[in-house]
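Participant: with the input below, show me the fold.
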Amino acid sequence: MGLGKTIQTIALLAHLAEKGNWGPHLIIVPTSVMLNWEMEFKKWCPGFKLLVYYGSIKERKLKRTGWTKQNTFHVCITSYKLVVQDHSSFRRKKWKYLILDEAQNIKNFKSQRWQLLLDYQAQRRLLLTGTPLQNNLMELWSLMHFLMPHVFGSHREFKEWFDNPMSGMVQGDQEYCETIVKRLHKVLRPFILRRLKSEVEKQLPKKYEHIIPCRLSKRQRFLYEDFMSRAKTKETLASGNVMSVFNVLMQLRKVCNHPDLFEPRPILSPLRTGDGILYQTASLITRALDYDPLREVDWTWWNICQRERSSTSLASSLSQSLAQKVPPERLPQQDHDFRPKRMRWCYAPFLSVMNRIPEIRSESL
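Facilitator: Prediction:
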């Protein structure tokens, strides 16, 4: 968000128009941003003939009337839903540029949407997304194959080259992980235009990163090694299933954050009661009859309410009398400083860890 993908795309189409290439271009966007695309085109390039393709079946059929003629429109803006419903009409037309906003909508290569859009006739394809990689690397292959099917053709080879080494990452081979990351960067660099926050927002303060390694406690080390030595864990890592491997990573992450997240420690009371404590039936009945619920009610809040009410009325009467008799410059000045104090922010991956931070901090003070 806010990286200028829409403006850059409009600038690209304007540059092509200067060179004599007026389209037609097809832009597929989420329904929620169709109006925004239309407004941006009218703001920056009002010379383009726009066809905002939406509406009922009858309205869409009317908009398709005569659109096979040359120079009927330059840019067609539609949604992912409509492009699937009317794919037969869109597929027959030849497009200069096929542009997909929020391209993570085609991350699943097994979906009907991905397969239908792959058959569209377009000289060029452009994908706009701020999150090209969300869950696994095979979603990235879906986007890359959509852009250049002749380069990223084999699904199996891509998976063997990038996706399978996940088990090596779990076992902590740092050198192997860095090799995989460098390999992935080298392959993707020609196809991805990356924007940094420092390039977009000049007023952001400089970020300083301090990495403090923490040793595992005895209990953490025991839980970590015990979990890794289980036969089920070894079987999961050997299977190569992405979601199962991520589940293993999540369990190890819990151990490293706090061992109670992985295996809660039972709370044992230090007071041991002997077997000699017995209750007689008569004493239990007497205690039940003597119970008065009004004794359990805390009535101190009533005194507080009455005191606050009286202090409020007293303060209001004093303020009125002072306003009438004492000039403002002679009133006593307040020494309270209501400026916000500097705060330290603490982030944790789990809510249960955040709940434990105040307890740990109070123990250390």
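Participant: check contacts around residue 49.
Facilitator: For residue 49, the contact set (Cβ atoms under 8 Å, 6 or more residues apart in numbering) comprises 71-75. All C-beta atoms are positioned from the backbone trio N, CA, C, and that covers glycine.
Participant: if you set the cut-off to 10 Å instead, what comes out?
Facilitator: For residue 49, the contact set (Cβ atoms under 10 Å, 6 or more residues apart in numbering) comprises 22-24, 41, 71-76.
Participant: with only the CA atoms kept, save stretch 243-263 in PDB.
Facilitator: Provided in PDB are the C-alpha atoms of stretch 243-263 (Å, rounded to 0.1, in the frame of the first residue of the first chain):
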ATOM      1  CA  MET A 243       2.400 -27.100   6.200                       C
ATOM      2  CA  SER A 244       3.600 -29.900   8.400                       C
ATOM      3  CA  VAL A 245       7.100 -28.500   8.400                       C
ATOM      4  CA  PHE A 246       5.800 -25.100   9.400                       C
ATOM      5  CA  ASN A 247       3.900 -26.700  12.200                       C
ATOM      6  CA  VAL A 248       7.200 -28.100  13.500                       C
ATOM      7  CA  LEU A 249       8.800 -24.700  13.200                       C
ATOM      8  CA  MET A 250       5.900 -23.200  15.200                       C
ATOM      9  CA  GLN A 251       6.300 -25.700  18.000                       C
ATOM     10  CA  LEU A 252      10.000 -25.000  18.300                       C
ATOM     11  CA  ARG A 253       9.200 -21.300  18.200                       C
ATOM     12  CA  LYS A 254       6.900 -21.800  21.200                       C
ATOM     13  CA  VAL A 255       9.700 -23.600  23.100                       C
ATOM     14  CA  CYS A 256      12.100 -20.700  22.400                       C
ATOM     15  CA  ASN A 257       9.700 -18.000  23.400                       C
ATOM     16  CA  HIS A 258       8.500 -19.600  26.700                       C
ATOM     17  CA  PRO A 259       8.500 -23.300  27.600                       C
ATOM     18  CA  ASP A 260       5.000 -23.000  29.100                       C
ATOM     19  CA  LEU A 261       3.600 -22.300  25.600                       C
ATOM     20  CA  PHE A 262       4.800 -25.700  24.400                       C
ATOM     21  CA  GLU A 263       4.100 -27.700  27.600                       C
END
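Participant: residue boundaries of the helices in the stretch 151-300 of the chain?
Facilitator: 155-158, 166-170, 174-188, 197-200, 218-228, 231-239, 242-257, 259-262, 281-290, 300-325 (DSSP state H, counting those that start in this stretch).
Participant: could you give the average pLDDT over the longest one?
Facilitator: Regarding helix 300-325, the rounded mean pLDDT is 50.
Participant: ok, the fourth one next?
Facilitator: Regarding helix 197-200, the rounded mean pLDDT is 68.
Participant: same question for the third one.
Facilitator: Model confidence over helix 174-188 averages 71 on the pLDDT scale.
Participant: what about the nearest residue to residue 86 once chain neighbours are set aside, how many neighbours?
Facilitator: Nearest non-adjacent residue to residue 86, counting by Cβ to Cβ, 6 or more residues apart in numbering: residue 60, 6.4 Å away. By other Cβ atoms under 10 Å, the residues close to residue 60 number 16.
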